[in-house]
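Engineer: Requesting a structural model of the entry that follows:
(one chain, ligands or ions: 1)
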Amino acid sequence: MFGTKESMSQKYLGDLRDVTQYKAGNVEINIAKHSGYCWGVQRAYDQTVATAKTKDGPVYTIGPLIHNPQTINELKNVYGVNSVDGASEVDCGTVIVRTHGIPPEVQDQFRAKGVEVIDATCPYVRVTQNYAALLLKQKYHVVIIGDPKHAEVISILAYAKGEGTVIHSLEDIDKIPQNKRRLGVVVQSTLILEKVNKIVNALLAKAQEVRVFNTICYVTTERQEDAEFIAQTNDHVIVIGGKESSNTKKLAIVAETNGAKAMLIESEKDIDFNKLANARKIGILAGASTPHWLIDKAKDRLVEHFSTREAIIASN
Ligand code: SF4
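Structural biologist: Residues are numbered from 1 along each chain as shown. Below is the predicted model of the structure:
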């Protein structure tokens, strides 16, 4: 058994932040308090597994349930749950709506074929979809701040009946039609608040009225605050999560903005120990779609590596 574990609280800029700390040789490994599956992802995963265990007939997810390849493989190989892109691929059984949501008309296409639809859209994303529908009803031009290719943004836009404008950067503001003077704004759940603030300020200069719902999820905020703390209190930072995961990529950006060199890995096999040769304090962050067992495996590999290194040095 390598390494020792301690729970500790650190006083930091007047803010108490918990990390779980392991010691291996002369290296400290600090895992951020808010790491791994958020409750929205855990809920969708549990719903999918329970459905696969109890339903007769095939069970599918519409698009990948979450952005994590290990979880998608587990659902496929252990529970027989495959991902499909559309109703044309399914003739019977049950489909699960992913955490990011999907357009309502896509759900209807499955129902029209007699396929049961179970909605695992995260309730926070559902709120944003409802705000988009409300703003449209109240005659605002809906503006979604987010990545136009991301499944969550596509689903939110569908609730604005496709009539909104998606803004990913300040340059996109010119995409808003000139005659739209009342703007209703919602935000992709995983965005960084600073970036959103800049875009909202620019919108204020463009329109007569701007109504903003800050729909950044609190899970995102907590993890980004942890990323700041971990980046500022460790000499190396490892971010664990799917390369397609928006919230994981944002954690790496926040860590780098705070002076850390972030190593983004999907599993423990991706750890580049050459880059950690001089490490004394390694911080670990993990996205909201990263299973906890992956965090444990990465931590175990780090602890084993640095404990073994220490033992070799001591024996020479
Ligand atoms: S990060 Fe927030 S919005 Fe996304 S699945 Fe988790 S709880 Fe839901």
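Engineer: So which bits of the stretch 101-250 of the chain are right by the ligand?
Structural biologist: 122, 124-125, 189, 217, 219-220, 247 (Cβ under 6 Å from any ligand atom). Every C-beta, even on glycine, is put in place using the N, C-alpha and C of the backbone.
Engineer: which one is the residue of the stretch 151-300 of the chain found nearest the ligand nearest to, not counting chain neighbours?
Structural biologist: Closest to the ligand within the stretch 151-300 of the chain is Cys217: 3.1 Å, counting by Cβ to the nearest ligand atom. Using Cβ to Cβ, 6 or more residues apart in numbering and skipping the chain neighbours, the partner closest in space to Cys217 is Ser189 (4.0 Å).
Engineer: Please apply the same query to Ile118.
Structural biologist: Ile96 (5.1 Å).
Engineer: any idea where the strands of the stretch 151-300 of the chain begin and end?
Structural biologist: With strands called from DSSP state E, counting those that start in this stretch, the stretch 151-300 of the chain shows them at 165-167, 182-187, 209-212, 236-240, 262-265, 281-286.
Engineer: Check those strands for me and report the most buried one.
Structural biologist: Sort these by mean neighbour count, taking mean count of other Cβ atoms under 10 Å, and strand 236-240 sits at the top with a mean of 28.
Engineer: Kindly export that one (C-alpha atoms) in CSV.
Structural biologist: C-alpha atoms of strand 236-240 as CSV (Å, rounded to 0.1, in the frame of the first residue of the first chain):
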residue,chain,number,x,y,z
HIS,A,236,1.4,21.1,-11.5
VAL,A,237,-2.2,20.5,-12.4
ILE,A,238,-3.8,17.5,-13.9
VAL,A,239,-7.4,17.8,-15.3
ILE,A,240,-9.2,14.5,-15.8
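Engineer: Low-confidence ranges, this structure, go.
Structural biologist: Along the chain, the parts satisfying pLDDT under 70 run over 1-17.
Engineer: how far away is Pro103 from Gly63?
Structural biologist: Pro103 sits 11 Å away from Gly63, going by Cβ to Cβ, to the nearest Å.
Engineer: More neighbours: which of those two?
Structural biologist: Set Pro103 next to Gly63 and count neighbours by other Cβ atoms under 10 Å: Gly63 wins out with 20 against 17.
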